[in-house]
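Enquirer: My questions concern the predicted model and sequence given below.
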Amino acid sequence: MNLKKALAEIERLTKQNQALLEEQERNHRLIFELNAQLNEVLKQKETVKEKYTIERLRRFVPKTEVTNPVIINETESILKETKIRKPKSDHFSKFDFERHVVETRYEEPNESTCPTCGDDLVLASQKVRYVIESIPATLKVVKIIKKSCKCAHCNKTDNKLYYPVSNTLFPGSIVSHSFLSYVGYHKYELGIPFEHLSRHIKDTLEIDISKQNLANYMAKMATVLTPLYSHMKSDLLSNQAGVIHADETTLSISKRPDEDKERKKSYVYVYTSSYYDEQISIYDFHESRAIDRTAAWLKDYRGTIVCDDYAGYTKLKKDNPNINLQRCFAHVRRR
């Protein structure tokens, strides 16, 4: 190839490279614009969701944070407030009852024939109304018979038995998966103490399951769920947004060992994912606030931690330069 052709080839490749760079820049600009549009849609979605949640909970939220006197007859008090403060409104006018109907009942007059002439009554009109009925949750006892089988011809020589392999997490126990979910939901979601839950189970089934046994069941379930808990931690460490929110609150423990009875506070930590990521919340309990013990699983994290002004996070960043700290703006305003 002579010099002229080489220069022409270089010029062609230069133009081709420039065209590729321009196309790449256009693609990057397009991706940036699409991300901005996606973020805007997510913000609008969250705004609508938050407005819906606020409106749904507004009836349960007091108008002020000032503690009101205890009201014995709450129903009468609420009715009086409603009568004075609010005009009559069309309740549930925007709720689609028809979509949730699972049963239709017909109410007919007591008379089927005309008392005057004796002719059969015919439909003149009908009025539709909707009611909400409660189906109480129940507990039941299931009898399980585990069968073992043998070969009538071969068993005399090989003495082999064939039996079903247990698929329960607690073989030999009276608890089932659904019962554990029932206890866990009422204890940790609804906040019902084990003492009250124990009495409810006794009233429902007439089975005396003590609060200590219920606590033991939850401890066993926590052990079973430990791999899932660890997997959630792993997912949070590798989240796409590269952001983890961290905070803690104090918790007083009523019973302590004698050597630790003077200390009054323990801590519950929460670590959550970013608004723009898959929602994960990790709760962790510690009797110490030492960051080496409470957040040891974050020592290899690469990303941003949104946190308060606790000095332990500074030490965490010092030990791992790949961690960026985003301090809480409320603490900034205080200073």
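Expert: Cool, the structure landed.

Enquirer: wait, what's in contact with S134?
Expert: If a contact means C-beta atoms under 8 Å, 6 or more residues apart in numbering, then S134 has no contacts. Every C-beta, even on glycine, is put in place using the N, C-alpha and C of the backbone.

Enquirer: quick one: pLDDT of it?
Expert: Predicted confidence (pLDDT) for S134: 73.

Enquirer: Where does it fall, secondary structure wise?
Expert: Per DSSP states H and E, S134 falls between elements, in no helix or strand.

Enquirer: low pLDDT regions in the stretch 201-335 of the chain?
Expert: Across the stretch 201-335 of the chain, the ranges flagged by pLDDT under 70 are 254-264.

Enquirer: Okay, and the beta partners of D284?
Expert: Y269 (DSSP bridges).

Enquirer: what about it, neighbour count?
Expert: If you count neighbours by other C-beta atoms under 10 Å, D284 ends up with 15.

Enquirer: ok, it - contacts?
Expert: Neighbour list for D284: V268, Y269, V270, Y271, T294 [criterion: C-beta under 8 Å, 6+ apart].

Enquirer: What of V48?
Expert: When contacts are counted by C-beta under 8 Å, 6+ apart, V48 touches no other residue.

Enquirer: just to revisit the earlier point, just give me the closest of the contacts of D284 to K4.
Expert: The closest of the contacts of D284 to K4 turns out to be Y271 (C-beta to C-beta; 66.1 Å).

Enquirer: Now do the SS call for E103.
Expert: Under DSSP: H, G, I helix; E, B strand; the rest coil, E103 falls in the coil class.

Enquirer: Relative to E9, how far out is it?
Expert: In this view, E103 and E9 are 80 Å apart by C-beta to C-beta, to the nearest Å.

Enquirer: Have a look at these two and say which one is more surrounded.
Expert: Taking other C-beta under 10 Å, E103 and E9 do not tie; E9 has more neighbours (11 against 5).

Enquirer: Against K140, how distant is the more buried one?
Expert: On the measure of C-beta to C-beta, E9 and K140 end up 83 Å apart.

Enquirer: And C114, by the same measure?
Expert: For C114 relative to K140 (C-beta to C-beta), the value is 49 Å.

Enquirer: more neighbours, the two?
Expert: Neighbour count, other C-beta under 10 Å: between C114 and K140, C114 has more, with 11 against 8.

Enquirer: List the contacts of E55.
Expert: The contact partners of E55, taken as C-beta under 8 Å, 6+ apart, number zero.

Enquirer: what helix or strand is it on?
Expert: Using DSSP H and E, E55 falls in helix 3-57.

Enquirer: And A246, by the same measure?
Expert: Using DSSP H and E, A246 falls within strand 243-252.

Enquirer: Show me what that strand is in contact with.
Expert: With C-beta under 8 Å, 6+ apart as the criterion, strand 243-252 contacts 236-237, 264-274, 277, 285, 289, 294-295, 298, 301, 303-308, 310, 313, 326.

Enquirer: Given it, what are its sheet partners and their directions?
Expert: strand 265-273 (antiparallel), strand 303-307 (parallel).

Enquirer: Sort out which residues of it are buried, please.
Expert: V243, I244, H245, A246, E248 (16 or more other C-beta atoms under 10 Å).

Enquirer: Spatially nearest residue to the fourth one, not counting backbone neighbours?
Expert: Going back to what we said before, that points to A246. C307 (4.7 Å; C-beta to C-beta, 6 or more residues apart in numbering).

Enquirer: Near that neighbour, how many other residues are there?
Expert: C307 has 23 neighbouring residues, counting by other C-beta under 10 Å.

Enquirer: so how far is L325 from it?
Expert: Taken as C-beta to C-beta, the span from C307 to L325 is 6 Å.

Enquirer: tell me, what's touching these two both at once?
Expert: Joint contacts of C307 and L325 (C-beta under 8 Å, 6+ apart) are Y313.

Enquirer: I'd say T113 and V122 touch.
Expert: No: contact criterion C-beta atoms under 8 Å: T113 and V122 do not qualify, at 10.9 Å.

Enquirer: about what we covered before: residues contacting the residue nearest to A246?
Expert: C307 neighbours (C-beta under 8 Å, 6+ apart): H245, A246, D247, Y313, L325, Q326, R327, C328.

Enquirer: again, only this time at 7 Å
Expert: Listed by C-beta atoms under 7 Å, 6 or more residues apart in numbering, the contact partners of C307 are A246, Y313, L325, R327, C328.

Enquirer: go on, Y185?
Expert: So Y185 contacts nothing (C-beta under 7 Å, 6+ apart).

Enquirer: Then it would be within a helix, right?
Expert: Yes: judged by three-state DSSP, Y185 forms part of a helix.

Enquirer: any idea how far N213 is from V141?
Expert: Look at N213 and V141: by C-beta to C-beta, they are 16 Å apart.
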